[in-house]
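Q: build me a model from this:
(chains A and B)
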Number of protein chains: 2
Amino acid sequence: MSKVVIIGAGGVGGVVVQKCAQVADIFSDILLASRTESKCVAIAKAVKERTGQVIRTAQVDADNVPELVALLKAEQPQLVINVALPYQDLTIMDACLEAGVHYMDTANYEPKDTAKFEYKWQWAYQQKFQQAGLTALLGSGFDPGATNVFTAYLAKHYFDEIHELDIIDVNGGDHGYPFATNFNPEINIREVTAQCRHWENGEFITTDAMSKKASFTCPEDVGTYNIYRMYHEELESLTKHYPSIKRAQFWMSFGDSYLKHLEVLGNVGMLGIEPIDYQGQQIVPIQLLAQMLPDPSSLGPRTVGRTCIGVVVRGIKDNVEKVVYLYNTCDHQSCYKEVGSQAISYTTGVPAMIGAKQMLEGNWIKPGVWNIEQFDPDGFMDDMNQHGLPWKVIELQHFNLDA
Amino acid sequence: MSKVVIIGAGGVGGVVVQKCAQVADIFSDILLASRTESKCVAIAKAVKERTGQVIRTAQVDADNVPELVALLKAEQPQLVINVALPYQDLTIMDACLEAGVHYMDTANYEPKDTAKFEYKWQWAYQQKFQQAGLTALLGSGFDPGATNVFTAYLAKHYFDEIHELDIIDVNGGDHGYPFATNFNPEINIREVTAQCRHWENGEFITTDAMSKKASFTCPEDVGTYNIYRMYHEELESLTKHYPSIKRAQFWMSFGDSYLKHLEVLGNVGMLGIEPIDYQGQQIVPIQLLAQMLPDPSSLGPRTVGRTCIGVVVRGIKDNVEKVVYLYNTCDHQSCYKEVGSQAISYTTGVPAMIGAKQMLEGNWIKPGVWNIEQFDPDGFMDDMNQHGLPWKVIELQHFNLDA
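A: Residues are numbered from 1 along each chain as shown, chains lettered A, B, ... in the order given. Below is the predicted model of the structure:
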């Protein structure tokens, strides 16, 4: 029986609220807060219809620490689940410290003006949380989140030492549009066009965006996809916490059509973030583009197919090298039927609820700031099977993305 | 020794003025007029530097008949060379009738609100020009223009009867940009995305835009290009004036990159001509796009390669079927060195000067409204060789764009 405050009423927020409401014995009192309270009210209404649970709502500006503190002091929840924008992680952490509330998020802080994912800003809160006797759990979405726990689970149960890690995020979904983005187009495109970094022999190597490509065949007939190496934030924490890792890479699937559209739109300047003058008006090209593209939240009903996200670990067990793949597949239409969102929001929102559940059950409470792989993975993995994201482990005989 | 008024100071206008100035014994007095007189002044300055000839300039609104009449009555030229916008053909013809001046243009009239090239509006002036004792020469650019004369020349000298006509317009130029248009992007894109029509067995057949594609290898190592069947205005007049033609098709080359950009920009709505609302501002996507793309007039210095435009005629001579190809190749950089424009403007501007020259020399004066193939081609063809667009005739042993 715990009270939580969930901050953020986007696609992921909607899933988190719904999944928490499904576990009412743990999440007995849920307040959903966002800058735009009407979004919270709409989610609360949908959750009431689906689960019968009452969700309370509030308006809060997550950039404003005093406003956050006032809300948290008035509510006195056990935990804040932060699914707002990554820009807002630090203000919410500050507010949790001041109000004496545990903290959890799904994506690491990045400054608004540079597309640079780094944990250093949040890791710097380690002492403050320790001294306050509070726990901050970082990155409890799918990737980061489930992928970190998958790695920890394999390291614990399948290996004596892990050497190579490939995190592979395949979205085999088809929304039927020639071009659309699954979440905020600006953030989506910013991520894809950023330089790639991967870990190799003790350091991060920088390469051009999308310059390394491989073909990957998913299990369970999800299909064969082109995947591209790119940087993703869990590489930073996993290589720190598993120093035996010699190489760590993150891969994401992109269709040829998606990449073609990005290339052309970049060529003509439509991805620009600086305002241009059009007949005396100031226009930010990427914002105009975002307005012209299908609304990401409209993709749910029309997206078919499955995601397949997992980790491939190469390592040593009893002096023998082996390669093990731990993955989940998730069907877009099943997600839509259950929570009204497609699998992209679902696969992020479910691990957020599960991470929160571990904390509220006391399994993952330890004063300080922690990445999710620093806690014992077993309870989380059991809950993944129970709450909509079942996983499998298979040993791979032939695995080589360099071929 | 003749006075001409040239209306239109775009890329083609600049070439026409320059080429006329090179033939000062014929074009002894040239007035260049446009809505924006500063453009005329800039052209006049460049021509003075290159040829030493003085070009006079004037401001005129080509949509305004009384204004045009006043200018023509004051100037009393022998001929108006219309290289303004196609929308303005009829007002300029009206003004010529009222002022008693011969008329010539390079592109047929189309109403501003429908992308429909048709000669019917201009052919309707036949009686008026006859009664006024004035000549109107329609379509004296390259295509239409040179391509019509090429057809007439082959029909006159190489065949007893012509049966099939393929007009092939290849631009093998490379401007080094991922995407740019050679002239006004809005008109360019409107032309390319229009439905295709070709002549077959006595009627025009309509097919989807860009739905028929062939590979064509140009002579003189210009290269092999993908060409796409599309509608072009000379098909209407040539099939009328050569009723023996069983099939007539127009083809234009487009690079894969050009088509890819068009497809993507169309998909996301950037080719739209209807205003959309962006933060309370009205934006016409294709106009914003035109502003973001490289200015067509900036392509001259950086475009390399050649154009290759010609006609392939299949017909009967002395009871034997044969296929003959008449073509010109034109080097972008040579054009730029001579007149400061690349070959797209050059190949349109030179035939305009040559058509005007035929009229001023009296060869092509005959009261009424005429398409260029209705006059004897020989003088025009000689002048093409003399004035920068030399041509060749070759017999083709294997020619089949249906393969």
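
Q: and residue A:198, bridged to which residues?
A: residue A:205 (DSSP bridges).

Q: which ones are touching it?
A: Applying Cβ atoms under 8 Å, 6 or more residues apart in numbering or on different chains to residue A:198 gives the contacts A:204, A:205, A:207, A:229, A:231, A:235, A:247, A:248, A:249, A:250. In short, each C-beta sits where N, CA and C put it, glycine included.

Q: try residue A:91
A: Contacts of residue A:91 (Cβ under 8 Å, 6+ apart): A:62, A:63, A:64, A:65, A:68.

Q: TSV for the residues you listed, including secondary structure and distance to residue A:195?
A: Supplementary listing: the contacts of residue A:91 in TSV, determined by DSSP: H, G, I helix; E, B strand; the rest coil; distance: Cβ to Cβ, whole Å:
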residue	secondary structure	distance to residue A:195
A:62	coil	29
A:63	coil	28
A:64	coil	33
A:65	helix	33
A:68	helix	34
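
Q: what about those residues, which one has the most neighbours?
A: With neighbours taken as other Cβ atoms under 10 Å in any protein chain shown, the top of the contacts of residue A:91 is residue A:68, carrying 27 neighbours.

Q: nearest residue to it other than its sequence neighbours?
A: Of all residues beyond its chain neighbours, the one nearest residue A:68 is residue A:95 (3.5 Å), with distances taken as Cβ to Cβ, 6 or more residues apart in numbering or on different chains.

Q: make sure the one you found is actually in contact with residue A:75.
A: No. Counting by Cβ atoms under 8 Å, residue A:95 stays clear of residue A:75, with 11.4 Å between them.

Q: residue numbers of chain A in contact with chain B?
A: A:178-179, A:260-261, A:264-265, A:267-270, A:276, A:278, A:281, A:283, A:285, A:287-289, A:291-293 (Cβ under 8 Å from any Cβ of the partner chain).

Q: of the residues you listed, buried ones?
A: Buried by 16 or more other Cβ atoms under 10 Å in any protein chain shown: A:179, A:260-261, A:264-265, A:267-270, A:278, A:283, A:285, A:287-289, A:292-293, out of those.

Q: can you tell me how far the residue lying closest to residue A:361 once chain neighbours are set aside sits from residue A:82?
A: Setting aside the residues directly before and after it, residue A:361 is nearest to residue A:26 in space (Cβ to Cβ, 6+ apart), at 7.0 Å. Applying Cβ to Cβ, to the nearest Å, the value for residue A:26 to residue A:82 is 18 Å.

Q: so which of those two has more stuff around it?
A: Neighbour totals were compared for residue A:26 and residue A:82, and residue A:82 leads with 29 against 15 (other Cβ under 10 Å).

Q: against chain B, how distant is the more buried one?
A: 29 Å (Cβ to the nearest Cβ, to the nearest Å).

Q: among the residues of chain A next to chain B, which lie within strands?
A: A:276, A:278, A:281, A:283 (DSSP state E).

Q: now render those as TSV, adding distance to residue A:163 and pLDDT.
A: Listed next are those as TSV, based on distance: Cβ to Cβ, whole Å; pLDDT from 0 to 100:
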residue	distance to residue A:163	pLDDT
A:276	49	93
A:278	54	91
A:281	56	89
A:283	50	93
